Structure formats: structure tokens, C-alpha cells
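Participant: task: produce atomic coordinates for the following.
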Amino acid sequence: MQEIIRTNDAVLISAVGALLESAKIKHMVVDENMSVLYFGVLPRRVLVDDNDVAAARRLLNEAGLGHELRPDGH
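Facilitator: Predicted coordinates:
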């Protein structure tokens with residue numbers, strides 16, 4: 001799994017999750033509980049299966065969310 005997004009924006013996380021689900025791209029959101037425990041100070045992260053990273057990045061770029069993506073390899 002590779003991290004493609006890290007943010008405190010719950011709406012962005014929801015939108016990204018919906019896009020990835022609609023494209024049937026395997027992903028998971030991590031650190032949700034930690035973010036709640038620490039009042040949103042810790043960001044949530046979206047991880048994508050290694051085999052789907054390129055497709056996920058392309059999808060989010062096409063959706064106008066490319067500026068939210070983590071640099072490649074991070």
C-alpha cells in the first residue's frame with residue numbers, strides 16, 4: 001500500500017474515497033481514530049494498493065484533485 005493523500009479535511013477524504021470506490025480501486029483510510037482522539041490535529045491518510053497507484057493518481061488528477069496528492073514515492 002502506498003500513501004497518496006494526507007489531510008485533515010474530512011470532506012476531501014470522503015470525496016476521494018467515493019471516487020476510488022466508484023473506480024473499484026482498492027484503498028483504505030488510516031489514522032481516522034487517531035485524528036478524532038487528537039481533535040483533528042493528526043491527518044488522515046489514504047493508502048492505495050501498490051498495483052492501483054498509477055490509476056488512482058490519474059483518477060484524482062482528472063477529478064481536479066492532483067494538487068492534494070503526495071509526491072510520488074512518499
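
Participant: drop to CA atoms for contacts and neighbour counts, all remaining ones
Facilitator: Will do.

Participant: and Leu47, how far from Val11?
Facilitator: For Leu47, the distance to Val11 (CA to CA, to the nearest Å) stands at 16 Å.

Participant: before we move on, what about Asn51?
Facilitator: The gap separating Asn51 from Val11 is 26 Å, by CA to CA.

Participant: now the helices for this structure?
Facilitator: Taking DSSP state H to define them, one finds helices in the chain at 10-22, 32-37, 53-62.

Participant: before we move on, the earlier item: okay, Leu47 and Val11: which has more neighbours?
Facilitator: Between Leu47 and Val11, Leu47 has the larger neighbour count (other CA atoms under 10 Å), namely 18 against 10.

Participant: I figured that one hits His27, correct?
Facilitator: Yes. Judged on CA atoms under 8 Å, Leu47 makes contact with His27 at a distance of 5.4 Å.

Participant: got any residues that touch both of the two?
Facilitator: When contacts are counted by CA atoms under 8 Å, 6 or more residues apart in numbering, Leu47 and His27 are jointly contacted by Met1.

Participant: sweet, I'm off.
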